[in-house]
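*Asks:* Need the 3D shape of this:
(chains A and B)
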Amino acid sequence: MDKQKQTPLYDVYKEKGVKLIDFGGWQLPVQFTSIKEEHLAVRTKAGLFDVSHMGEILVSGKNSESFLQRLLTNDVSKLATGKAQYTLMCNEEGGTIDDLLVYRLSPTTFLLVVNAANTYKDYHWFLKQKSGDVTIEDKSDQYGQLAIQGPFAEGILQKLVKNISLSEIPFFGFRADVEIGEVKVMVSRSGYTGEDGFELYCRSEDTPYLWNLILTNGKKEGLLPCGLGARDTLRFEACLPLYGQELAEDISPIEAGLGFFVKTNKESDFFGKDVLQKQKQEGSPRKLVGLEMIDRGIPRHGYKVYDDEREIGFITSGTQSPLLKKNIALALIDAHYATSEEMYVEIRNKKLKAKIVPTPFYKRKKE
Amino acid sequence: MSSPKELRYTKEHEWVKVEDGKVRIGITDFAQEELGDIVFVELPEVGTEITANEPFGSVESVKTVSELYAPISGKVVEVNEELNDSPELVNESPYENAWLIIVEPSDVKDVDNLLTAEQYDAMISES
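*Replies:* A predicted model of the protein is given here:
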């Protein structure tokens, strides 16, 4: 592994004495104060995240749309300029190479936001598949990215924005020309927490300014800086997948319950289509289900799941939900058992009882 | 940060306190701080024999599971049941309310081999 990478906020963290950990090669904070506190701030007020580690790949050229149609499972032809789309990228076997957001900047220009740990892999996969008039550029180093999430996110951010009204940005819509304080930022209404909020893409060198500006101005409303810990528990309660856990090269989007984002009816052929279409029609061999522990214990990533004696799958993510205070998990299990009521999770050599519960565990109430 | 002088410590961040020939065991302030919000504590039942340097239970934060290692060998005579419902006590009061177990040691003199507060503080200041 090469040298640990630092986000543009590294100096801010050092100055404040924030403890950093290694996350997929990046030095990032798990928490600023407490995961629980940060988690609850996002659910009830607002939180600010540094997500500058995410990868940004720019795809442009006359054939960029048809190129992406072949690589991605969602239908890029339905994506208007100024809108973003969640999509998956699969291999020929239907396994997941990555999950990502596609922003259509112009009819022939797309910004792809990919998982930090997959940036290198994705970029080289794109290069390998490139054909026709397509230019692919890894712009990750040039972008800083922040996410402001929670019911107060819009109000806090709007006070710093003079040139547009954020209420005009719909869910998964974006504006590339938003002036926040003294800098120009691309702002989308999107996020990874299950709350309303925005993701902000700025020049790498503007990130510390933007971070401090938003934090200072949001303090009164209860905005807290949030680390990776809360990011994970928030996305988990909302059942948003995490690559490496719910998704992997040997897990298909259908198995992970993401069939909505796999458009097998789109005109273009795409990687994994045959397998994914079959899984959509006939059902996938495994299914992702929600579990809640009946016995005392916290299910965690990698723990095995049993139907009595028979091993039927494993936990992809699990923890004690900070909001619901329940010990819950997502488990990828043999589809035959997806309609069972109860099963067992092996925790430190003990088989503890759990029941299947509906997902998502948390859903925001729309006003 | 300086740890209470009257306690002895392990490299695994447990503390012990000798009381009338018995030994009370908990985890240090440094440990709870490193772990973050504690949401679950798993302890042995009364009567269990524990062995020095072997796991006897675990504490879990939102993020991770951390095993508890026995500072000494002996028999568990009391367990802090309050931690079942209020694991957050480990964060709030690691040296007082959130003691974990009380053990009847095989040999109470084993406690003398554990780290002193000065030694423990020196160790954590290096990490």
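
*Asks:* Wait, residue B:103 touches residue B:23, no?
*Replies:* Yes. Contact criterion CB atoms under 8 Å: residue B:103 and residue B:23 qualify, at 4.8 Å. All C-beta atoms are positioned from the backbone trio N, CA, C, and that covers glycine.

*Asks:* okay, and the common contacts of the two?
*Replies:* B:72, B:74 (CB atoms under 8 Å, 6 or more residues apart in numbering or on different chains).

*Asks:* ok, these two, which is more surrounded?
*Replies:* residue B:103 (26 against 22; other CB atoms under 10 Å in any protein chain shown).

*Asks:* all helices of the stretch 51-200 of chain A, in order?
*Replies:* A:64-71, A:119-129, A:153-158 (DSSP state H, counting those that start in this stretch).

*Asks:* Near chain A, which residues of chain B are found?
*Replies:* Counting by CB under 8 Å from any CB of the partner chain, chain B comes close to chain A at B:36, B:37, B:39, B:40, B:42, B:58, B:60, B:61, B:62, B:63, B:65, B:84.

*Asks:* burial measure for the fifth one, as a count.
*Replies:* The burial metric for residue B:42, expressed as a neighbour count using other CB under 10 Å, is 21.

*Asks:* Over to residue B:66?
*Replies:* There are 16 residues near residue B:66, going by other CB under 10 Å.

*Asks:* Name the residue of the stretch 101-250 of chain A that lies nearest to chain B.
*Replies:* With CB to the nearest CB as the measure, residue A:229 is the residue of the stretch 101-250 of chain A nearest to chain B, at 5.3 Å.

*Asks:* and the helices of the stretch 51-200 of chain A as JSON lines, adding mean neighbour count, mean pLDDT and distance to residue B:29?
*Replies:* Listed next are those as JSON lines, based on neighbours: other CB atoms under 10 Å in any protein chain shown; pLDDT from 0 to 100; distance: least, CB to CB, whole Å:
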{"stretch": "helix A:64-71", "mean neighbour count": "21", "mean pLDDT": "98", "distance to residue B:29": "52"}
{"stretch": "helix A:119-129", "mean neighbour count": "16", "mean pLDDT": "97", "distance to residue B:29": "39"}
{"stretch": "helix A:153-158", "mean neighbour count": "20", "mean pLDDT": "98", "distance to residue B:29": "35"}
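
*Asks:* Ends of stretch A:199-219, what's the gap?
*Replies:* 19 Å (CA to CA, to the nearest Å).

*Asks:* What mean pLDDT does it get?
*Replies:* For stretch A:199-219, mean pLDDT rounds to 98.

*Asks:* Give me the helices and strands touching the helix or strand encompassing residue A:13, please.
*Replies:* Per DSSP states H and E: residue A:13 is located in helix A:10-16. With contacts taken as 3 or more CB pairs under 8 Å, 6 or more residues apart in numbering or on different chains; DSSP states H and E, helix A:10-16 sits against strand A:26-29, helix A:207-218.

*Asks:* Looking at the ones you listed, which one is packed in the most?
*Replies:* Most buried of those by mean neighbour count (mean count of other CB atoms under 10 Å in any protein chain shown) is strand A:26-29; its value is a mean of 21.

*Asks:* Need the CA coordinates for the helix ranked longest in chain B. PDB is fine.
*Replies:* Longest helix in chain B by number of residues, with DSSP state H as the criterion: helix B:117-126. Presented in PDB, the C-alpha positions along helix B:117-126 are these (Å, rounded to 0.1, in the frame of the first residue of the first chain):
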ATOM      1  CA  ALA B 117      -0.400   3.900  37.400                       C
ATOM      2  CA  GLU B 118       3.000   5.500  36.400                       C
ATOM      3  CA  GLN B 119       3.900   2.600  34.200                       C
ATOM      4  CA  TYR B 120       0.500   2.500  32.600                       C
ATOM      5  CA  ASP B 121       0.400   6.300  32.000                       C
ATOM      6  CA  ALA B 122       3.900   6.000  30.400                       C
ATOM      7  CA  MET B 123       2.700   3.200  28.200                       C
ATOM      8  CA  ILE B 124      -0.400   5.100  26.900                       C
ATOM      9  CA  SER B 125       1.500   8.300  26.400                       C
ATOM     10  CA  GLU B 126       3.700   6.400  23.900                       C
END
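
*Asks:* circling back: can you convert the helices of the stretch 51-200 of chain A into a markdown table and add a column each for distance to residue A:5?
*Replies:* Formatted as a markdown table, the helices of the stretch 51-200 of chain A follow (distance: least, CB to CB, whole Å):
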| stretch | distance to residue A:5 |
| --- | --- |
| helix A:64-71 | 25 |
| helix A:119-129 | 10 |
| helix A:153-158 | 27 |
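
*Asks:* Give me the nearest residue to the residue nearest to the spatial centre of chain B, chain neighbours excluded.
*Replies:* Nearest to the mean C-alpha position of chain B, by CA atoms, centre = their mean, lies residue B:26 at 2.5 Å. In space, and not counting its chain neighbours, residue B:26 is closest to residue B:99: 4.5 Å by CB to CB, 6 or more residues apart in numbering or on different chains.

*Asks:* likewise residue A:41?
*Replies:* Residue A:41 sits nearest to residue A:224 (CB to CB, 6+ apart), 4.2 Å away.

*Asks:* Relative to chain B, how far out is residue A:339?
*Replies:* Note on residue A:339: its distance to chain B, by CB to the nearest CB, to the nearest Å, is 29 Å.

*Asks:* Please state the backbone phi and psi of that residue?
*Replies:* Backbone torsions of residue A:339, given as degrees, to the nearest 10, read phi -100, psi 0.

*Asks:* burial count for it?
*Replies:* Residue A:339: 9 neighbours (other CB under 10 Å).

*Asks:* Per-residue pLDDT of it, please?
*Replies:* 95.

*Asks:* got it, and the one 5 residues further on?
*Replies:* In this model, residue A:344 is scored at 98, pLDDT.

*Asks:* repeat for residue B:63
*Replies:* 89.

*Asks:* likewise residue A:367?
*Replies:* 61.

*Asks:* ok, and what's touching the longest helix of chain B?
*Replies:* B:1, B:2, B:3, B:4, B:5, B:7, B:8, B:9, B:11, B:28, B:30, B:115.
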